[in-house]
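J.: Give the three-dimensional model of this entry:
(2 chains)
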There are 2 protein chains.
Amino acid sequence: MQLKFRRFCRRSILAGLAACWLSAPIGPSFAQSDPLPSWNDGAAKTAIVGFVARVTQEGGADFVAPEKRIATFDNDGTLWAEQPFYFRGLFAFDEVKRLAPQHPEWQTTEPFKSVLTGDMKGLAAAGEKGLLEIVMASHSGMTTEDFDKTVGDWLAAARHPTKKVPYDKLVYQPQLELLAYLRANGFKTFIVSGGGVEFMRVFAERVYGIPPEQVVGSSGVVSFTIGADGKPVLTKEPKVEFIDDGPGKPVGINRFIGRRPILAFGNSDGDQQMLQYTAAGDGPRLALIVHHTDAEREWAYDRTSHIGKLDKALDEAAAKGWTVIDMKQDWKSIFPP
Amino acid sequence: MQLKFRRFCRRSILAGLAACWLSAPIGPSFAQSDPLPSWNDGAAKTAIVGFVARVTQEGGADFVAPEKRIATFDNDGTLWAEQPFYFRGLFAFDEVKRLAPQHPEWQTTEPFKSVLTGDMKGLAAAGEKGLLEIVMASHSGMTTEDFDKTVGDWLAAARHPTKKVPYDKLVYQPQLELLAYLRANGFKTFIVSGGGVEFMRVFAERVYGIPPEQVVGSSGVVSFTIGADGKPVLTKEPKVEFIDDGPGKPVGINRFIGRRPILAFGNSDGDQQMLQYTAAGDGPRLALIVHHTDAEREWAYDRTSHIGKLDKALDEAAAKGWTVIDMKQDWKSIFPP
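T.: Take a look at the predicted model:
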């Protein structure tokens, strides 16, 4: 054990040295040492960098112990794009189409009929719950492991309708940098999203560096049984269990994380309560909103959008001094190169 | 930022060096380097040390990547004692007594009447759900933050009826060593318990080194509202939401952790499904059970106990080769000095 332990120590320390050396500033200029190169200089970047500096300064008035540096991020529209429709919705629609031959009743039953006829407006109006119902109905009776595989296969094969790239290439480069920057400063980063938790866990670790146990999302009922072969099985049931959206977000944070975040990042009215809850805690707090203002490089939408509607939370941001990221102005690049 | 980042790196590396140096073997003998000094040599210790050696040996057939080294521990009877009654039950009973003057109806309503008259057998028979109902009813309308404070105050003041020490001194020293040993070998340690998640989170980090976000437990409904002062509030409602016991344990693991553990540790039939689910995964797996066999230093109970009944899981352990810890034989000491 002794040799083993020494090897473990040596490896840990070398890994630490290597990680720091690799990401450390090489030259003297600010540009080279900038941990957020895809963020333009401006109020938003200044607010983020200043906040991180304050909460990590030992002995400072705003110092926050590392274990309390909880940062929560919405997913759709905050970490990756969500137009022309939530990607998890597009996945569910593809699945409904794929499975339709086995479900003739879907031709005449809503919301499946809308999916099969391509009525996107009706589907958008169905909201988080409608979406989750589609996902669950189209996958009920499936084991959780088979569902993971189905999502993985879809992500590998499907292409975005206009950008023509795999969906997981439409993550925001500035946010990947921010996640890494926060973690390098002792933060623990979480996703808190209205999306299905099992859907997001398939790619969150690979794409965002966020492990499954730090993904909070909506869920359907799952049942435990012992199969005919004597093996335990977890099966997805066609019933909504928890909607992690709106007031569900602080409830989900309380249930899954058990600590109030000191930083929260969203982009729509579905994030408003998470931002309120985060901002209302004692000590330093940072509430951030992505405002989709870039019709050229991404999409521009807010108060009247069916997807990622940003209306009340935008007003509250102005009233309370939350940090609003103007995508067009604040982000040097949008997607990874 | 550059200076700050260098300071961060230097500090991280120095902390790593210090942690390794402090816990590293000093002399050459096995005794000095034993990471589990409160475990007697024997089959159980050999199984644990051998398993950890196999899953951490890079290039070995049983190597498991660090992010997949998930270990789940039941709490009552596995990490701390549970006699003469689950401690979280004793907390709830104390609370019912404290709050009884404000609830005259409890004098005639079950299960409160049993609490007030000290009918412990009736309460034991009410099971996890009955207990959770008592906790929630006696704390409904309370904010989650006030609840945390109530638990903290109780833990500081209350004493065990026969051992006469604070309840959090009745944790098992061998398990504290095992948790630290697993973490030093790259495992992420979780609690997966029938106990109320908010109750356990008050002490899990301080006592076990397990942060709130790695505690999975039973829960009541919590609601989000904006108070009269404009501040967001999370309030406990008198309604059971999730029972993390029996088949609920693998379901809770799937929901909160999203990965199948490679090691699970329990002590009762309520842990049977978690152990089945853990053991049935591909690759190396370790399923462990504490058998309470030490009437002198702790308590001796199993198949017929109202508390921590161990019957079916003990049979399955024998049939499937799960590792059973004989507390009397395998543990050199029980409680911390």
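
J.: C-alpha only now, for contacts and for neighbours.
T.: Will do.

J.: The residue nearest the centre of chain A - nearest residue in space that isn't next to it in sequence?
T.: Geometric centre of chain A, nearest residue: A:N75, 2.4 Å, by CA atoms, centre = their mean. Of all residues not flanking A:N75 in the chain, A:S193 sits nearest, at 5.5 Å (CA to CA, 6 or more residues apart in numbering or on different chains).

J.: Need the phi and psi values for A:D148.
T.: phi -60, psi -40 (degrees, to the nearest 10).

J.: Please list the outside residues in contact with the helix or strand hosting A:T278.
T.: Per DSSP states H and E, A:T278 falls inside helix A:272-279. Helix A:272-279 is touched from outside by A:246-247, A:249-250, A:260-266, A:285-288, A:312-313, B:232-233, with contacts defined as CA atoms under 8 Å, 6 or more residues apart in numbering or on different chains.

J.: where's A:K236, which helix or strand?
T.: Going by DSSP H and E, A:K236 is in strand A:232-242.

J.: Give the other helices and strands that that strand contacts.
T.: helix A:127-139, helix A:144-157, strand A:215-226, helix B:272-279 (3 or more CA pairs under 8 Å, 6 or more residues apart in numbering or on different chains; DSSP states H and E).

J.: could I get those as CSV with distance to A:G89 and mean neighbour count?
T.: CSV is the format used below for the helices and strands packed on strand A:232-242 (distance: least, CA to CA, whole Å; neighbours: other CA atoms under 10 Å in any protein chain shown):
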stretch, distance to A:G89, mean neighbour count
helix A:127-139, 6, 20
helix A:144-157, 12, 15
strand A:215-226, 13, 22
helix B:272-279, 31, 26
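
J.: Tell me which of those sits nearest to A:T46.
T.: Smallest distance to A:T46 across the helices and strands packed on strand A:232-242 (CA to CA): 27.7 Å, for strand A:215-226.

J.: does any part of the closest one sit near chain B?
T.: Yes - interface with chain B: strand A:215-226 contributes A:V216, A:S219, A:V222, A:S223, A:F224, A:T225 (CA under 8 Å from any CA of the partner chain).

J.: Sort those by pLDDT and name the bottom one.
T.: Scanning the residues of strand A:215-226 next to chain B for pLDDT, the smallest score is found at A:S219, 93.

J.: What's opposite that one in the beta bridge?
T.: A:F242 (DSSP bridges).

J.: isn't it right next to A:F199, touching?
T.: No - using CA atoms under 8 Å, A:S219 is not in contact with A:F199, being 9.6 Å away.

J.: if I pick A:L170, what's in contact with it?
T.: A:W80, A:A81, A:F335, A:P336.

J.: before we move on, back to that, which residues are contacting the strand holding A:K236?
T.: With CA under 8 Å, 6+ apart, strand A:232-242 has contacts from A:129, A:132-133, A:136-137, A:139-144, A:218-227, A:248, B:250-251, B:276-277, B:280.

J.: got it, and stretch A:109-116?
T.: Counting by CA under 8 Å, 6+ apart, A:F93, A:V96, A:K97, A:W106, A:Q107, A:M120, A:G122, A:L123, A:G130, A:I134 sit against stretch A:109-116.

J.: How about the contacts made by the fifth one?
T.: In other words, A:Q107. Going by CA under 8 Å, 6+ apart, the list of residues near A:Q107 reads A:K113, A:L116.

J.: distance of it from B:L310?
T.: Noted for A:Q107: a distance of 52 Å to B:L310, by CA to CA, to the nearest Å.

J.: what's the answer for the second one, then?
T.: From A:V96 over to B:L310 the distance is 45 Å, taken as CA to CA.

J.: and if you look at A:Y167?
T.: 49 Å.

J.: neighbour-wise, which of those two wins?
T.: B:L310 (25 against 22; other CA atoms under 10 Å in any protein chain shown).

J.: what about the residue in the stretch 101-250 of chain A positioned nearest to chain B, how many neighbours?
T.: Nearest residue of the stretch 101-250 of chain A to chain B: A:E213, at 4.2 Å (CA to the nearest CA). Using other CA under 10 Å, A:E213 has 22 neighbouring residues.

J.: That one - that's part of a helix, no?
T.: Yes - according to DSSP: H, G, I helix; E, B strand; the rest coil, the state of A:E213 is that of a helix.

J.: Report the contact partners of it.
T.: B:F256, B:I257, B:G258, B:R259.

J.: can you narrow the residues you listed to ones near chain A?
T.: Okay, of these touching chain A (CA under 8 Å from any CA), that's B:F256, B:I257, B:G258, B:R259.

J.: was I right about A:H139 contacting A:D148?
T.: No - counting by CA under 8 Å, A:H139 stays clear of A:D148, with 10.9 Å between them.

J.: So for stretch A:100-119, what gets flagged as buried?
T.: Residues of stretch A:100-119 classed as buried by neighbour count (16 or more other CA atoms under 10 Å in any protein chain shown): A:A100, A:W106, A:Q107, A:P111, A:F112, A:S114, A:V115, A:L116.

J.: Hmm, A:W106 and the first one touching each other?
T.: Yes - assessed by CA under 8 Å, A:A100 is found in contact with A:W106 at 6.8 Å.

J.: related to what we said a few turns ago, ranking the contacts of A:E213 by neighbours, who comes first?
T.: B:I257 (27 neighbours).

J.: Need the pLDDT of that residue.
T.: 98.

J.: That one is in contact with A:P212, isn't it?
T.: Yes - taking contacts as CA under 8 Å, B:I257 lies within contact range of A:P212: 6.3 Å.

J.: Residue numbers of the stretch 201-337 of chain A in contact with chain B?
T.: So the stretch 201-337 of chain A meets chain B at A:201, A:211-214, A:216, A:219, A:222-225, A:231-234, A:247-248, A:250-251, A:255-259, A:276-277, A:280 (CA under 8 Å from any CA).

J.: Show me the strands in chain A, by range?
T.: For chain A, the strands defined by DSSP state E cover A:70-73, A:188-196, A:215-226, A:232-242, A:263-266, A:286-291, A:323-326.
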